[in-house]
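> One predicted model, sequence on top.
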Amino acid sequence: MKRRYSWPLGTIAALVLVLIAVHIALPYLVRNYLNDKLANMGDYRGEIADVDLALWRGAYRIN
C-alpha cells in the first residue's frame with residue numbers, strides 16, 4: 001500500500017471503530033442515566049429495563 005493512502009485509511013478505520021463502540025455503549029449509558037433520573041423523582045417508582053436506539057432514524061424504544 002502506498003504511503004499516501006495509509007494515513008487516511010488509518011484515520012477512517014479508527015473513526016469507524018469509535019463509532020461502533022459508541023453505538024454499542026450508548027443504550028447502556030442512556031438506560032443508566034434514565035434510571036438515575038427516575039430514582040430521584042420522589043414518590044414516583046419506576047425502572048427502565050431496556051433501551052433500543054435507532055440512530056439512523058432518530059428513533060428510540062424504552063421497555
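Cool, got the structure.

> center of this structure - which residue?
Compute the mean C-alpha point of the chain, and by Cα atoms, centre = their mean the closest residue is residue 26, 1.9 Å away.

> Which stretches in the chain count as strands?
Counting by DSSP state E, the chain has strands at residues 51-54, 59-62.

> by contact count, what packs against the last one?
It stands for strand 59-62. strand 51-54 (3 or more Cβ pairs under 8 Å, 6 or more residues apart in numbering; DSSP states H and E). Heads up, the C-betas are built off the backbone N, CA and C, glycines and all.

> switch the cut-off to 10 Å
When contacts are defined as 3 or more Cβ pairs under 10 Å, 6 or more residues apart in numbering; DSSP states H and E, strand 59-62 packs onto helix 3-39, strand 51-54.

> What ranges in this structure fall below the confidence cut-off?
Scanning the chain for pLDDT under 70 picks out the ranges 1-5.

> Would you reformat the strands of the chain as a markdown table and include mean neighbour count and distance to residue 18?
Below are the strands of the chain laid out as a markdown table (neighbours: other Cβ atoms under 10 Å; distance: least, Cβ to Cβ, whole Å):
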| stretch | mean neighbour count | distance to residue 18 |
| --- | --- | --- |
| strand 51-54 | 13 | 17 |
| strand 59-62 | 10 | 21 |
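
> for these, which one sits closest to residue 22?
Counting by Cβ to Cβ, residue 22 lies closest to strand 51-54 out of the strands of the chain; the figure is 10.5 Å.

> Report the strands that pair with the closest one, each with its relative direction.
The strands beside strand 51-54 in its sheet (DSSP bridges) come out as strand 59-62 (antiparallel).

> Please work out which residues outside the partner strand touch it.
If you take Cβ atoms under 10 Å, 6 or more residues apart in numbering as the criterion, strand 59-62 is touched by 27, 30, 31, 34, 48, 49, 50, 51, 52, 53, 54.
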